[in-house]
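Got a predicted structure plus its sequence, pasted below:
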Amino acid sequence: MSPFRITRTLPEDAVAAALRSDVRDGLTRTPKTLPPKWFYDAHGSELFERITELPEYYPTRAEREILQDRAGEIATLLPARTLVELGSGSSEKTRLLLDALTGLHTYVPVDVSESALRQAGQALAVERPSLRVHALIADFTAGLVLPDTPGPRLLAFLGGTIGNLLPDERARFLTAMRSLLTAGDALLLGTDLVKDPEVLVRAYDDAAGVTAAFDKNVLTVIDRELGADFDPDAFDHVALWDADEERIEMRLRSRTTQTVKVPALDLTVDFAAGEELRTEVSAKFRREKVTGELTAAGFAPVGWWTDAAGRFAVSLSVV
Ligand code: AVJ
């Protein structure tokens, strides 16, 4: 077996502190919000894997189609020796890139979910005996530090997860990613594209209710980690299309007037009947918007590929 290392760039108590401050900030503002990163405990990561297999949730399949068709071309444009993958989850689509990057030295999966990293990292280390795997448990929206590995580096941020950041967060994130890279390195970015709102809403409100369970799982996380008494069944999952911002929003709508206690924060939160807590934004893009944001952050776009149906795009930008 090849070396498998796992590094925690954020100490566990910093993760706990971030959860506390996110929950306090989010539940005391109007309208109430929570950042989507807290969906992904072990159960949430499992639910997300199930989402990617739903008939309505097309982004995973569309992006896989692009990588199946284009990984060779991407590897020729950027023959990376280090592949860094942000929000790697199960690293399933990564295998397509790993197969194409024939000169690869080290794979660096980065995720907030230790359980997903361990599973995926260990499996890969067994499957690819010559590949070094150095996993990072990190919040890539806050000061990421990459291990010292050979270049060129390809930084992959797939799945459309950049859409989960708000516009100002996106700008700061892309600038921070640019500053991690040096000449010859590149960013491979997956972005979901603007399309028929009905298709989009169905992708975030599936018939089997898996996305609803995923959405409500954030309440279970807060109950467990902060001793709160959220009743997930007291909320309805809502997915809506914001046509002005061109983004999907997921919300949890309180079924009744209710009060929730969060003992670890010494906090009491009142919900009016029908009040909504925003749990995720998922921005959808047009090519000009992606190119504009990349260019503003100092990247030079060199490749743009979509699936045959034009639902999703993968772009490559050099430094
Ligand atoms: C793949 C993390 C970007 O926004 O589509 C899936 C997460 N949320 N269904 C997305 C998600 C609801 C997802 N990301």
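Ah, there it is.

Go ahead and confirm A213 touches G44.
No: when contacts are counted by Cβ atoms under 8 Å, A213 is not listed as touching G44 (9.3 Å). Every C-beta, even on glycine, is put in place using the N, C-alpha and C of the backbone.

which of those two has more neighbours?
G44 (24 against 18; other Cβ atoms under 10 Å).

Can you name the residues that contact that one?
214, 217-218, 221 (Cβ atoms under 8 Å, 6 or more residues apart in numbering).

Pull the most distant pair out of those.
Maximum pairwise distance among the contacts of G44 (Cβ to Cβ): 11.3 Å, between F214 and V221.

For the residue of the stretch 1-150 of the chain found nearest the ligand, the count of nearby residues, please.
Per Cβ to the nearest ligand atom, I51 is where the stretch 1-150 of the chain lies closest to the ligand, at 5.0 Å. Using other Cβ under 10 Å, I51 has 20 other residues around it.

OK, contacts around it?
57, 206, 210-211, 214.

Residue numbers of the stretch 51-200 of the chain in contact with the ligand?
Within the stretch 51-200 of the chain, the positions adjacent to the ligand are 51, 59, 159-161, 163-164 by Cβ under 6 Å from any ligand atom.

8 Å - rerun?
Where the stretch 51-200 of the chain comes near the ligand, counting by Cβ under 8 Å from any ligand atom, the residues are 51-52, 57, 59-60, 87, 159-164, 192.

What about those, which are in strands?
The strands, defined by DSSP state E, take in D192 from those.

Return the subset of the residues of the stretch 51-200 of the chain next to the ligand lying in helices.
51, 59-60 (DSSP state H).

Just send these back as CSV, with pLDDT and distance to D25 too.
Output for those, formatted as CSV (pLDDT from 0 to 100; distance: Cβ to Cβ, whole Å):
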residue, pLDDT, distance to D25
I51, 97, 27
P59, 97, 29
T60, 96, 31
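
just those now: which is nearest R132?
When those are compared against R132 (criterion: Cβ to Cβ), the nearest one is T60, at 26.9 Å.

So what's the residue count around that closest one?
22.

Could you do S130 as well?
Neighbour tally, S130, other Cβ under 10 Å: 7.

coming back round to it: which member of the residues of the stretch 51-200 of the chain next to the ligand is positioned nearest T259?
Taking Cβ to Cβ as the measure, T259 lies nearest N164 of those, at 29.1 Å.

Give me the distance between the residue in the chain that the ligand sits nearest to and R81.
Nearest to the ligand in the chain, going by Cβ to the nearest ligand atom, is S282, at a distance of 3.4 Å. Distance, S282 to R81, using Cβ to Cβ, to the nearest Å: 33 Å.

the more surrounded of those two?
Here S282 and R81 are set side by side on neighbour count (other Cβ under 10 Å), and the busier one is S282, at 21 against 15.

so that one, which of the three states?
Three-state call for S282 (DSSP: H, G, I helix; E, B strand; the rest coil): strand.

Can you name the residues bridging to it?
Beta-bridge pairing of S282 under DSSP bridges involves I248.

contacting residues for D139?
10, 15, 18, 37, 112.

Same question for L54.
Contacts for L54 (Cβ under 8 Å, 6+ apart) come out as 206, 208, 210-211.

can you rerun that using 6 Å?
The contact partners of L54, by Cβ atoms under 6 Å, 6 or more residues apart in numbering, come to D206.

Give me the pLDDT value at it.
Confidence at L54, expressed as pLDDT, is 98.

ok, now R5?
Predicted confidence (pLDDT) for R5: 89.

Would you mind naming the helix or strand containing it?
Using DSSP states H and E, the element containing R5 is strand 4-8.

Confidence-wise, which helix or strand of the protein is lowest on average?
Lowest by mean pLDDT, DSSP states H and E among the helices and strands of the chain is helix 114-127, with a mean of 81.

How about exporting that helix as CSV, limited to the C-alpha atoms?
Taking only C-alpha atoms (Å, rounded to 0.1, in the frame of the first residue of the first chain), the coordinates of helix 114-127 have been written out as CSV:
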residue,chain,number,x,y,z
GLU,A,114,-13.0,13.3,8.1
SER,A,115,-15.1,10.2,7.5
ALA,A,116,-15.4,10.8,3.7
LEU,A,117,-11.6,11.5,3.5
ARG,A,118,-10.7,8.4,5.4
GLN,A,119,-12.9,6.1,3.3
ALA,A,120,-11.9,7.6,0.0
GLY,A,121,-8.2,8.2,0.8
GLN,A,122,-7.6,4.7,2.1
ALA,A,123,-9.4,3.0,-0.8
LEU,A,124,-7.3,5.0,-3.3
ALA,A,125,-4.1,4.3,-1.5
VAL,A,126,-4.8,0.6,-1.8
GLU,A,127,-5.9,0.8,-5.5
